[in-house]
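K.L.:
model the following, please.
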Amino acid sequence: MSKKKSKKIRKEQAQELSSAEPEHPKLAAEKTAAIASYIKDPDYRLRCKAAIDILMAKLKMINAELSGQKKRTVISQITNRIKSAESIYAKLLKKGLEPDFETARKNLKDLIGIRVVCPFEDELYQVAESLEMQKDIEIVRIKDYIKNPKKNGYKSLHLIVKVPIYSAEGEQKELVEIQLRTIAMDYWSVLEYELYYKKRDNAEIEAELKKYAEEIANLDHRMLELRNKIEKIRTISECEIRMPVL
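P.N.:
Residues are numbered from 1 along each chain as shown. Below is the predicted model:
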């Protein structure tokens, strides 16, 4: 079966699933608990932590280098998480897949996640470029939701990477999703997530959230222009100071 046909079948299954009645609460709780037992496994958590530690170290180094060049902080925040059993269960159902951990390992690429927040949009691409230059990190996929926002207005730059980790069994590679956002993008996304269950199936709220996303995007753009203007003035001033007096 071709990948295109398989993707179409999964999409149809997801549509059927979304229109169907949700699973019985007891069954859902049992499946979620089964996923949770795998997540709590010490070996799994150790692999996740190893992948996170490697990327956190690289990102801190990238921040130090870029911040030194620009003489200001480039990465204002780095956070990480291991996807919860509840989130895994919900995402597998949404995709029309069997909600178990083995299926999650095969189909979900964001079981481990790192979020990077920068003040300005252009810096997100600079951080991503620096990550691509890391020889031991394999870039699996890049999704640019900044140039192509989601329908709800969500904007972010997503990188799926493979991180090599080492154990007694030899080298293993863990998939990690890295989300890069500006402070403004992160502000909107966090609030949108908090309102998720309250806004469901409400077209008015959906439209309003999308409008705010557009306003935040415009603010991001204006702040970037202001930063460039300030840096241009500073450069001219520094040149004038260094210019010899005749």
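K.L.:
got the phi and psi for the residue nearest in space to the middle of the chain?
P.N.:
The centroid of the chain falls nearest to residue 179 when counting by C-alpha atoms, centre = their mean (2.3 Å). Dihedral angles of residue 179 (phi, psi; degrees, to the nearest 10) stand at phi -100, psi 130.
K.L.:
pLDDT weak spots in the protein?
P.N.:
Residues of the chain meeting the criterion pLDDT under 70: 1-23, 196-201, 238, 240-246.
K.L.:
what about the strands in it?
P.N.:
For the chain, applying DSSP state E gives strands covering 77-82, 112-118, 138-144, 157-167, 170-182.
K.L.:
mind listing what's buried along the longest helix seen in the chain?
P.N.:
For the chain, the helix with the greatest residue count under DSSP state H is helix 203-242. Taking 16 or more other C-beta atoms under 10 Å as the basis for neighbour counts, the residues of helix 203-242 that come out buried are 209-210, 213, 216-217, 220, 223-224, 227. The C-beta positions use only the backbone N, C-alpha and C, and glycine is treated the same way.
K.L.:
how far off strand 170-182 does that helix point, in degrees?
P.N.:
90 degrees (axes from the mean of the first three to the mean of the last three C-alpha atoms, to 10 degrees).
K.L.:
for the closest residue to residue 62 other than its chain neighbours, give its distance to residue 74.
P.N.:
Distance criterion C-beta to C-beta, 6 or more residues apart in numbering; nearest residue to residue 62, sequence neighbours excluded, is residue 130 at 4.4 Å. Counting by C-beta to C-beta, to the nearest Å, the separation of residue 130 from residue 74 is 10 Å.
K.L.:
more crowded one of those two?
P.N.:
residue 74 (22 against 17; other C-beta atoms under 10 Å).
K.L.:
list the residues that contact that one.
P.N.:
Residue 74 makes contact with 63, 66-67, 118-119, 123, 126-127, according to C-beta atoms under 8 Å, 6 or more residues apart in numbering.
K.L.:
let's see which of the residues you listed end up in helices.
P.N.:
Using DSSP H, the contacts of residue 74 in helices are 63, 66-67, 123, 126-127.
K.L.:
now those as TSV including neighbour count?
P.N.:
Formatted as TSV, the ones in helices among the contacts of residue 74 follow (neighbours: other C-beta atoms under 10 Å):
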residue	neighbour count
63	20
66	18
67	13
123	22
126	17
127	21
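K.L.:
just the closest of these to residue 205, please.
P.N.:
residue 123 (31.3 Å; C-beta to C-beta).
K.L.:
what's the closest non-adjacent residue to the closest one?
P.N.:
Residue 123 sits nearest to residue 74 (C-beta to C-beta, 6+ apart), 5.2 Å away.
K.L.:
swap in residue 176?
P.N.:
residue 112 (4.5 Å).
K.L.:
distance check, that neighbour against residue 38.
P.N.:
From residue 112 to residue 38 the distance is 14 Å (C-beta to C-beta).
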